[in-house]
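Q: Fold the following.
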Amino acid sequence: MRLFLDTNVLLDGYFQRTGAAVSDVLIARCDGTTLSGIIAWHTLSNAFYLVRGHSKSAATAFQFITDLLSWAEVAVTTKADALRAAQSGMNDFEDALQLSAATACSADIVVTRNITDFKSSPIPVMTPEEFLAAYP
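A: Residues are numbered from 1 along each chain as shown. So this is what the prediction gives:
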């Protein structure tokens, strides 16, 4: 199964937010056997920026990205996918880019903490908790 993981799920553990343990379990299951974890290209820059800002360390941010790329696939997207995001009608362009990338890589499920912004998704959307309850 191909899971497209929104940036907020990837950062739960780093920032020790509520739900971090569940997100960490989900990420650990994305080992490429039964579950593949896929991210958007722009997730890398967003995560780097947030981790560097929090840690005040580029080295820490680069390590976070390196760790992320040790298990996650990056969705291949094109100009057409970016244009689809821009014309999607979604209020949050970053979420539109996420959904467009998920569509481009034929994700089976989008996993996010921000379900309300993905209400028009043609792909099923779940929180990490919902996913793990549905697919124990």
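Q: where along the protein do the helices fall?
A: Taking DSSP state H as the test, the helices found in the chain are 7-15, 20-29, 41-55, 58-69, 79-86, 93-104, 128-134.
Q: Nearest to residue 114, out of these?
A: Residue 114 lies closest to helix 7-15 among those, at 6.1 Å (C-beta to C-beta). (Glycine included, C-beta is placed from N, CA and C.)
Q: mind saving the C-alpha coords of the closest one as PDB?
A: Provided in PDB are the C-alpha atoms of helix 7-15 (Å, rounded to 0.1, in the frame of the first residue of the first chain):
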ATOM      1  CA  THR A   7       4.600  17.100   6.400                       C
ATOM      2  CA  ASN A   8       2.700  17.500   9.700                       C
ATOM      3  CA  VAL A   9       2.800  13.700  10.400                       C
ATOM      4  CA  LEU A  10       6.600  13.600   9.600                       C
ATOM      5  CA  LEU A  11       7.300  16.400  12.100                       C
ATOM      6  CA  ASP A  12       5.200  15.000  15.000                       C
ATOM      7  CA  GLY A  13       8.000  13.000  16.500                       C
ATOM      8  CA  TYR A  14      10.600  15.700  16.100                       C
ATOM      9  CA  PHE A  15       8.500  18.300  17.800                       C
END
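Q: now that helix, how far from the chain's geometric center?
A: Here helix 7-15 is found 9 Å from its chain centre; the criterion is C-alpha atoms, centre = their mean, to the nearest Å.
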